[in-house]
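*Asks:* Mind folding the following:
(chains A and B)
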Amino acid sequence: GENVEQHPSTLSVQEGDSAVIKCTYSDSASNYFPWYKQELGKGPQLIIDIRSNVGEKKDQRIAVTLNKTAKHFSLHITETQPEDSAVYFCAASKGFLNSGNTPLVFGKGTRLSVIA
Amino acid sequence: NAGVTQTPKFRVLKTGQSMTLLCAQDMNHEYMYWYRQDPGMGLRLIHYSVGEGTTAKGEVPDGYNVSRLKKQNFLLGLESAAPSQTSVYFCASSYGGRREKLFFGSGTQLSVL
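*Replies:* Numbering: from 1, shown residues only, chains lettered A, B, ... in the order given. Predicted structure coming up:
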């Protein structure tokens, strides 16, 4: 089955700097790659996602890039702010719930701390 | 519109006790999921449901049972709790038009002593 590796496990940045979190996946058939943000005491929330037919996607200060050949994708946060402090999870899926495929497989998470 | 609501929020059990976690969603979503979150392990899928009356096993189903008798509810049962089931449990749901976008509840912190 799919295996998703996420690095680093913890990341500290100064406010205003950029943060990058990287994930690799094992199944070349995976075609959907979301990123979830989990604030303290809350459930994860989808912040951005990308499909395998796209190489990059941006939404204000966050962006995701995908390299299908290398089977890795990354989350980029620019101009970080204290409210960006949270745990971030990457995930991967192939044919979500089609033909018996299971739902998302998550990475182990990255705890991002933005220091004011 | 409350979204996904989990009850209880906290629970302490003794080894061997049983309990049921309730997940309710008011978004008319077809798909529902139970995940557990452990330190350093991320989110792992326990069971899921693609519609009322259906359930399927996820990555770590052993020791858990589920039921989806009503579309809006998804119950997770522990018949004989073990310390290894100490975890934070998250329920999520999604809808057919965008089934891969999961909406999560706020979690249940379960401790088994």
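
*Asks:* Can you pull out the low-pLDDT segments for chain B?
*Replies:* Scanning chain B for pLDDT under 70 picks out B:1.

*Asks:* now the strands for it?
*Replies:* Remark: strands assigned in chain B by DSSP state E are B:4-7, B:10-13, B:19-25, B:31-38, B:42-49, B:56-57, B:65-67, B:73-78, B:87-94, B:103-104, B:108-112.

*Asks:* now for those strands, which one comes closest to chain A?
*Replies:* Of all these, strand B:103-104 sits nearest to chain A, with 3.1 Å by Cβ to the nearest Cβ. Quick note: C-beta positions are derived from backbone N, CA and C, even for glycine.

*Asks:* And for that closest one, what's in contact with it?
*Replies:* Contacts of strand B:103-104 with the rest of the structure, by Cβ atoms under 8 Å, 6 or more residues apart in numbering or on different chains, involve A:36, A:43-45, B:3-4, B:25, B:27, B:29, B:90-94.

*Asks:* now that strand, how far from the centre of its chain.
*Replies:* Centre-to-centre, strand B:103-104 and its host chain are 11 Å apart (Cα atoms, centre = their mean, to the nearest Å).

*Asks:* List the pairing partners of it within its sheet, with orientation.
*Replies:* Strand B:103-104 sits in its sheet next to strand B:87-94 (antiparallel), going by DSSP bridges.

*Asks:* now the partner strand against strand B:19-25, angle please.
*Replies:* Here strand B:87-94 runs at an angle of 30 degrees relative to strand B:19-25 (axes from the mean of the first three to the mean of the last three Cα atoms, to 10 degrees).
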